[in-house]
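Fold the following.
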Amino acid sequence: EVRVSFLRLVEKILRNLVGRKNLDEDKQIKIISSIFCEFQHEIDQVIICAVGELLYNISEYLPLNTLQNLEHSYIDPGFSCNTSGRRKSIVYLSSFSARNSVFDHFKLETITKSFTKSFVWNSSNGSADKCAHYYKKLITIFEFAMRIDSTDLLLIISRALARIRCSSRGEFYLTQPKNVDGISAALGRNKNLESGIQKHVWSFPEELDYIPPELLERINKNVRFKQQQDVTVSSVSIDISLWLSLALQIIDHPSDWEIYSYMLTFLCPQVSNVALFKGYYHLIEAFREMICKHLIEGVPSSLSLPKDLYKGNLHVVYVRNLSPILAYHCYLPKQSSDELVNALLHGLRSWEKPLIPVFHILTVCCYEIPSSIKKFLTPILTQLQTRITSSFVIPTILEFILALSDSPDIISHLTVEEFKRVFA
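Predicted coordinates:
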């Protein structure tokens, strides 16, 4: 208790000293380095939490260069491990070999939460350079967490980075996740619809002390997003492709159900923010390919699924993740649209559970990518003929048929026999 009180006193002194003319950076570092130099060997979890809170508090007012010097000397070494090779935009997990960190798991988790909270705070209240700094810090720790296969660290960071949004005017802000009720319910993680799911690592909605809701939905006009054509990354810009590339690695080569299911749930509404991924359409196409592959072929054998998971519900999740891809169809090759419809056709042939979301998307496809619907219309109608006996899906099928009637170009090649097969 005495040590915790001392740390709080030091933080108050630092906060009061900020802005004084005669206080230079070296003096600031000397005041606080005495605390962090012993942090590596600290084993008391109460003190570790207090140091983590101190690290967050000073991020609000200390100059960025002071924070960087502090992190470089005392924090960054705890998030390092030996790797071979140089990272690319998308690197498979198998290229990493885990090494023991200097910090234990509790310490790693505490510091990661501190950096995450600093990112959230500086995203709404702080300077643009600090916001960009903590974004890059979280990306670095995310890569480290992948190397040591730490689902806890991956989830902490994902909960913040999956909240990033871009307004129609290109402005940066963090949001409260929306439009994930259906996906989270399909995975049995929606607390509003089900009880007794607290045992899971994540659920929806979540209350997180390191992501205060009052700091969300605040636009930071000083932060800009890096565009693909930019040669260099500004110190106040966010390269969103770094986050999406890492998220795609998790989906493409999953090793743990918790982080895999989290990505499938919360990446979907983020991808629907088209302005956020402007110019990074190759990554959107990669996302589409992965979801289609998992829908058709199933999840990789490396992933162990929960015993109580109904695979039809997992197909619902895949289908819902294909929905926001339609917003990018004009930026993607024609083959992409064809493969998306082909994957949806596979969804029609599999389980009953995804039928309604499949027909919903096919209805939208009639207006967005009619040529791809036309290409697969005959096998779609064949499946429709067998599925129309399911009473719960009949209204959705009728919506699809009405959409076809509004698109004469799609049905122009149908024969009389094909019309009779469905409408007779």
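
Can you show me the strands along this protein?
Counting by DSSP state E, the chain has these strands, from start to end: 164-166, 172-174, 224-225, 237-238.

Can you say which of those strands is nearest to N57?
N57 lies closest to strand 172-174 among these, at 19.6 Å (CB to CB). (Each C-beta comes from the backbone N, C-alpha and C, glycine too.)

Return the distance of that closest one from the chain's centre.
14 Å (CA atoms, centre = their mean, to the nearest Å).

same check, this time on stretch 247-257
With CA atoms, centre = their mean, you get 11 Å for stretch 247-257.

got the buried residues for that stretch?
Judged by neighbour count using 16 or more other CB atoms under 10 Å, the buried positions of stretch 247-257 are A247, L248, Q249, I250, I251, D252, H253, P254, S255, D256, W257.

Put the alpha carbons of it into CSV.
Below are the C-alpha coordinates for stretch 247-257, written out as CSV (Å, rounded to 0.1, in the frame of the first residue of the first chain):
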residue,chain,number,x,y,z
ALA,A,247,-6.1,-9.7,-38.8
LEU,A,248,-6.1,-11.6,-42.1
GLN,A,249,-3.2,-13.7,-40.8
ILE,A,250,-5.3,-14.7,-37.8
ILE,A,251,-8.2,-15.7,-40.1
ASP,A,252,-6.1,-17.5,-42.7
HIS,A,253,-4.1,-19.5,-40.3
PRO,A,254,-6.1,-19.7,-37.0
SER,A,255,-4.5,-21.4,-34.0
ASP,A,256,-7.1,-20.5,-31.4
TRP,A,257,-10.9,-20.4,-31.6
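
Please state the mean pLDDT value computed over that stretch.
Mean pLDDT, stretch 247-257: 95.

Can you pull out the residues in contact with that stretch?
Contacts to stretch 247-257, defined as CB atoms under 8 Å, 6 or more residues apart in numbering, come from residues 90-94, 146, 149, 151, 154, 158, 162, 259-260, 263-264, 267, 283, 286-287, 290-291, 294, 299-300, 302-306.

will you turn the buried residues of stretch 247-257 into JSON lines that also has distance to N273?
As requested, these are exported to JSON lines (distance: CB to CB, whole Å):
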{"residue": "A247", "distance to N273": "14"}
{"residue": "L248", "distance to N273": "16"}
{"residue": "Q249", "distance to N273": "20"}
{"residue": "I250", "distance to N273": "19"}
{"residue": "I251", "distance to N273": "18"}
{"residue": "D252", "distance to N273": "21"}
{"residue": "H253", "distance to N273": "25"}
{"residue": "P254", "distance to N273": "23"}
{"residue": "S255", "distance to N273": "27"}
{"residue": "D256", "distance to N273": "26"}
{"residue": "W257", "distance to N273": "26"}
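
So L276 sits against R163, correct?
No - L276 is beyond contact range of R163, at 11.2 Å (criterion: CB atoms under 8 Å).

any residues in contact with both of the two?
Residues within reach of L276 and of R163 at once, by CB under 8 Å, 6+ apart, are Q270.

State the mean pLDDT of stretch 350-363.
Averaged across stretch 350-363, the pLDDT comes to 91.

okay, that stretch in CSV with CA atoms only?
C-alpha atoms of stretch 350-363 as CSV (Å, rounded to 0.1, in the frame of the first residue of the first chain):
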residue,chain,number,x,y,z
SER,A,350,-25.1,-27.2,-47.0
TRP,A,351,-27.0,-26.4,-43.8
GLU,A,352,-30.5,-24.9,-43.3
LYS,A,353,-29.3,-22.3,-40.8
PRO,A,354,-27.6,-20.0,-43.3
LEU,A,355,-30.4,-20.1,-45.8
ILE,A,356,-32.0,-16.8,-44.8
PRO,A,357,-28.7,-14.7,-44.8
VAL,A,358,-27.7,-16.4,-48.1
PHE,A,359,-30.9,-15.4,-49.8
HIS,A,360,-30.7,-11.9,-48.3
ILE,A,361,-27.2,-11.5,-49.9
LEU,A,362,-28.3,-13.1,-53.2
THR,A,363,-31.1,-10.5,-53.3
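
coming back round to it: would you mind giving me the ChimeraX syntax to select the buried ones in the contacts of stretch 247-257?
Of the contacts of stretch 247-257, the buried ones go into a single ChimeraX selection, burial set by 16+ other CB under 10 Å:
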select :91,146,151,154,158,162,259,260,263,264,267,283,286,287,290,291,294,299
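
one step back: taking the buried residues of stretch 247-257 one by one, which sit in helices?
Cross-referencing the buried residues of stretch 247-257 against helices under DSSP state H gives A247, L248, Q249, I250, I251, D252, W257.

Provide a list of residues in contact with the residue most central in space within the chain.
With distances taken as CA atoms, centre = their mean, A162 lies nearest the centre of the chain, 3.7 Å away. Contact partners of A162, counting by CB under 8 Å, 6+ apart, are P177, A247, M263, F266, L267, Q270.

Helices - which of the contacts of stretch 247-257 land there?
Under the assignment DSSP H, these contribute 146, 151, 154, 158, 259-260, 263-264, 267, 283, 286-287, 290-291, 294 to helices.

Return the closest of those residues with respect to L322.
Out of these, the member with the shortest distance to L322 (by CB to CB) is I291, at 5.7 Å.

That closest one reaches N321, doesn't it?
Yes - contact criterion CB under 8 Å: I291 and N321 qualify, at 4.9 Å.

Now do the contacts for the nearest residue to N57 once chain neighbours are set aside.
In space, not counting the residues next to it along the chain, N57 is nearest to E11; the distance is 5.2 Å by CB to CB, 6 or more residues apart in numbering. For E11, the contacting residues are L54, N57, I58, by CB under 8 Å, 6+ apart.

can you tell me which of the residues you listed are in helices?
Per DSSP H, the contacts of E11 map to helices at L54, N57, I58.

Please tell me how far the second one sits from Q45.
Spatial separation of N57 from Q45 under the definition CB to CB, to the nearest Å is 19 Å.

give the contact list for the closest residue to V364 other than its chain neighbours.
Leaving aside its sequence neighbours, V364 sits nearest to L326 (CB to CB, 6+ apart; 5.9 Å). Neighbour list for L326: L340, I361, V364, C365, E368, I369 [criterion: CB under 8 Å, 6+ apart].

Just the pLDDT at L326, thanks.
96.

ok, so what distance separates it from V319?
Distance of L326 to V319, computed by CB to CB: 12 Å.

Could you name every residue contacting both of the two?
With CB under 8 Å, 6+ apart as the test, L326 and V319 both reach I361.
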